[in-house]
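Participant: Next come a sequence and a model predicted from it.
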Amino acid sequence: MSELYPVPERLLKDPKPYIATFDEYKKLWQESVDKPAEFFAKAAKEYLHWDKPFQTTMAGDFLSGNIAWFLEGELNASYNCVDRHAFATPDKVAIIHEGDDPKDVRKITYNDLLQQVCRIANVLKSLDVRKGDNVIIYMPMIPEAMVAMLACTRIGAVHSVVFAGFSADSLYDRIVDCEARVVITADEGKRGGKFVATKRIVDEALSKGIHAVDRVIVCKHTGTDVAMTLNRDLWWHEQSENARPFCPTVPVNAEDPLFLLYTSGSTGTPKGVLHTTGGYLLEAAMTVKYIFDYHPEDIYACTADLGWITGHTYILYGPLCLGATTVLFESTPTYPDPSRFWNMVDKHKVTQFYTAPTAIRALQRLGDEWVEKCDLSSLRVIGSVGEPINPEAWKWYYEKVGHSQCAVVDTYWQTETGSIVISPLPGATPTKPGSATFPFFGIQPVILEPTTGEVLQGNGVTGVLAISKPWPSMARTVYNNHYRYMDTYLKPYPGYYFTGDGATRDNDGYIFINGRVDDVINVSGHRLSTAEIESALILNSDVSEAAVIAGFDDLTGQCIHAFCTLKPSVTSDPEQLMKELVLQVRKTIGPFAKPKAIYVVMDLPKTRSGKILRRVLRKIVNNEHDQIGDTSTMADEGIIHHLIAMFNRHNANIRK
Ligand code: PRX
């Protein structure tokens, strides 16, 4: 059992935390689960501006999958995140853009933001985008991406942001699935001094086949020359200059969609997770306030990408709904040098800093001098998200970045949960390295026995993690595929929401997340499905079968190992083929999905009925060759020696 870290002194004063003792947290949490309707109705009135009040706080259940919150209520996300602050604090900085080059800093006030959002909302209206229409946003980490998201919500349109690391093929699939007519993009992206041909990727995606896109809005970022398609492509700046800087908001029902976000599941096709407006916005704001102990003078920075859920909830919706100053970071942790994060904290006097374990591990490796030379005394809360954080990285973060005076919040959640569901509260929760600790308000986590689904009571238990009651920010459906929503989350353990993660509740009741128990791989916090990578590999005409599994990696947490068999006629040079296969995955999904190792093998381990035994492959890549387990159901046990030999040969080649 790991050691317990008390709440640092620094957190208890100046400013005083919202929740200052563990007992206070427990009392409030109990109230939130005993009387969720009262608890969240009160919060919804306090945090959000409603154009029309709601009557019914919560309805529906997990068995029928008809969950709804704040029925009859109407509101607008853009009004809540921009207008009301633009009226109250027009000159307050809403967004600090820390450009790829550290010298490029832009500050946008709430008043500026309102005008920019209004202009683009009017541009969208002029293109006939209306309430309920889906708009694809494929953009680098620039304020215009946030403006585009808010402009959609202003007129009730539904944005679907696609992470700009996805390839043209992946982008095309998402454009087709959500039937978008308009794509918003930029000429180029910039990351770590390198340029990304964003517009060219959009063009490539749109040239792939049939889709509904008839307009592409292009924001000028680097100013490079890009090809503009006549009658389809429009320059953002030209349209925006011409548009009126005020646009009325369209109130939508609390249960109307706010956005779609595609994420990987256990099949090859990504699913469009759909979040609705009222419940999502409420918990985005509440979690920023309580989990980051956000106070009005704070400067809050989350280094995630806007293309993932963390960017949606913790760069944009949560902070802006509270009227905060949020930092948008365009670069990488090591550009131009490994002090980048810490220089940024120092420069803007950041009070809350939220990043991923992979970044923490990478910086830890590069040595303490990069962090030691920066003044980090403004920090109060430092957060981690996306994958389990190993205790060594946790301690380094706590000691070197937080100077043992900041709260480390290891926040557990998912695209589908919309906001953080398990996390410490900075002023209240004693922490343990590697533990996400305790549930947020309204969340009732349970640990289930994986095969029987029986609830494992008490402490000192390990199983799969589920949640037993609906909460406001949970995803409501999978776009155009409610069956898949039910099948993935609500059917595996009837009456519960199934997270897909394994978890342990230790003897003190602390929750530790043990990682995915389904076919999802988490590489540097990027979520990928094994089936998706396998489908990409077999697109290569030489490949007969592919099996992808997760290995462990010191830096990226998990990594991708792919085993392929070839068609009998294939005579390609194996070295060349491996390169082609890596390229194939990069092209089909995106560069971040690159396998760490590809093994071309004679056969895959299979049962007599032909099912691939991935557990055998997992043991091989994780060097547990003596723990392969029961092989009696295998069609050919002899294949194991061949696979181990291939694995060893691969590693020997790497070492050479
Ligand atoms: O496995 C869990 C892991 O990330 C998955 C969700 O991925 P995604 O939907 O892309 O959202 C990432 C950002 C919220 C989870 O099922 N995960 C997320 N946070 C943690 C985590 N694993 C361990 N500890 C965490 N704090």
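Facilitator: Received, thanks.
Participant: Quick one: name the residues of the stretch 251-400 of the chain near the ligand.
Facilitator: Contact residues of the stretch 251-400 of the chain with respect to the ligand, defined by Cβ under 6 Å from any ligand atom, are listed as 263, 308-310, 385-388. In short, each C-beta sits where N, CA and C put it, glycine included.
Participant: SS state for the residue of the stretch 351-500 of the chain found nearest the ligand?
Facilitator: Evaluated by Cβ to the nearest ligand atom, the stretch 351-500 of the chain has residue 415 as its residue closest to the ligand, separated by 3.4 Å. In the three-state summary, residue 415 is assigned as coil, counting by DSSP: H, G, I helix; E, B strand; the rest coil.
Participant: re earlier: so which of the residues of the stretch 251-400 of the chain next to the ligand are in strands?
Facilitator: 263, 385 (DSSP state E).
Participant: Can you lay out the residues of the stretch 251-400 of the chain next to the ligand as JSON lines showing pLDDT and neighbour count?
Facilitator: What follows is these, written out as JSON lines (pLDDT from 0 to 100; neighbours: other Cβ atoms under 10 Å):
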{"residue": "263", "pLDDT": "92", "neighbour count": "19"}
{"residue": "308", "pLDDT": "97", "neighbour count": "22"}
{"residue": "309", "pLDDT": "98", "neighbour count": "25"}
{"residue": "310", "pLDDT": "98", "neighbour count": "24"}
{"residue": "385", "pLDDT": "97", "neighbour count": "24"}
{"residue": "386", "pLDDT": "94", "neighbour count": "24"}
{"residue": "387", "pLDDT": "92", "neighbour count": "22"}
{"residue": "388", "pLDDT": "92", "neighbour count": "22"}
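Participant: can you put the residues of the stretch 251-400 of the chain next to the ligand in a markdown table and add distance to residue 107?
Facilitator: Supplementary listing: those in a markdown table, determined by distance: Cβ to Cβ, whole Å:
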| residue | distance to residue 107 |
| --- | --- |
| 263 | 32 |
| 308 | 24 |
| 309 | 26 |
| 310 | 22 |
| 385 | 26 |
| 386 | 28 |
| 387 | 32 |
| 388 | 36 |
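Participant: ok, back up a step: contacting residues for the residue of the stretch 351-500 of the chain closest to the ligand?
Facilitator: Residue 415 makes contacts with 261, 263, 273, 308-309, 475, 527, as judged by Cβ atoms under 8 Å, 6 or more residues apart in numbering.
Participant: ok, it to residue 504 distance?
Facilitator: Noted for residue 415: a distance of 23 Å to residue 504, by Cβ to Cβ, to the nearest Å.
Participant: Quick check: the two most widely separated of the residues of the stretch 251-400 of the chain next to the ligand?
Facilitator: Taking Cβ to Cβ, the two most distant members of those are 263 and 388; they sit 18.5 Å apart.
Participant: Residue 387 - nearest residue in space that isn't next to it in sequence?
Facilitator: Beyond its immediate neighbours in the sequence, the residue positioned closest to residue 387 (Cβ to Cβ, 6 or more residues apart in numbering) is residue 557, lying 4.5 Å away.
Participant: ugh, wrong one, residue 105
Facilitator: Nearest non-adjacent residue to residue 105, counting by Cβ to Cβ, 6+ apart: residue 98, 6.0 Å away.
Participant: Residue of the stretch 201-350 of the chain nearest the ligand, please.
Facilitator: Taking Cβ to the nearest ligand atom as the measure, the stretch 201-350 of the chain has residue 310 as its residue closest to the ligand, at 4.8 Å.
Participant: Identify the residue nearest that residue in space, chain neighbours excluded?
Facilitator: When the adjacent residues along the chain are set aside, residue 310 lies closest to residue 304, with 3.6 Å between them (Cβ to Cβ, 6+ apart).
Participant: quick one, helices of the stretch 301-450 of the chain?
Facilitator: Along the stretch 301-450 of the chain, the segments classed as helices by DSSP state H, counting those that start in this stretch run 309-311, 318-321, 340-348, 357-365, 369-372, 391-396.
Participant: could you redo the ones you listed as CSV and give each row distance to residue 60?
Facilitator: As requested, the helices of the stretch 301-450 of the chain are exported to CSV (distance: least, Cβ to Cβ, whole Å):
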stretch, distance to residue 60
helix 309-311, 22
helix 318-321, 24
helix 340-348, 42
helix 357-365, 35
helix 369-372, 47
helix 391-396, 38
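Participant: Up against the ligand, what does this structure have?
Facilitator: Contact residues (Cβ under 6 Å from any ligand atom) of the chain with the ligand: 263, 308-310, 385-388, 410-415, 436, 499-501, 513, 515-516, 522, 527.
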